[in-house]
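Asks: here is the input, now give the coordinates:
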Amino acid sequence: MKATYKDLFQDLIHIMAQYNLSDVAERAGISVSTLYNWEKGKTTSPHLRTVYAVANACGFDIKLELRKQLKLVKVA
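Replies: Residues are numbered from 1 along each chain as shown. Sure, this is the predicted structure:
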């Protein structure tokens, strides 16, 4: 089963717990309060660019896959 965005976010919170929040925030270019809100569950759907930045700050790279799920019919 492929991981969802929410799964990725939850995994990242667990990974982030191994690091100093101030260091991660500085490397990611975001505020410590943003990471604190993640940890405390106050943020449930962060911006994707923020998730990327935090993952990179923790030494990880994220690979996304774009798949077409619906077949749309063109209207003439």
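Asks: could you pull out the helices for the protein?
Replies: Here the chain has its helices, by DSSP state H, at 5-16, 21-28, 32-39, 48-57.
Asks: low-confidence ranges, the protein, go.
Replies: Within the chain, the segments meeting pLDDT under 70 span 1-3, 66.
Asks: the residue positioned nearest the centre of it: what's it in contact with?
Replies: In the chain, the centroid-proximal residue (CA atoms, centre = their mean) is Val51; its distance is 2.7 Å. Applying CB atoms under 8 Å, 6 or more residues apart in numbering to Val51 gives the contacts Tyr5, Leu8, Phe9, Leu12, Ile62. Where you see a C-beta, it was placed from the backbone N, CA and C, and this is true even at glycine.
Asks: hmm, which of those residues are the buried ones?
Replies: Phe9, Leu12 (16 or more other CB atoms under 10 Å).
Asks: in CSV: the contacts of Val51, plus distance to Ala55.
Replies: Compiled in CSV, the contacts of Val51 are given as follows (distance: CB to CB, whole Å):
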residue, distance to Ala55
Tyr5, 12
Leu8, 8
Phe9, 10
Leu12, 6
Ile62, 5
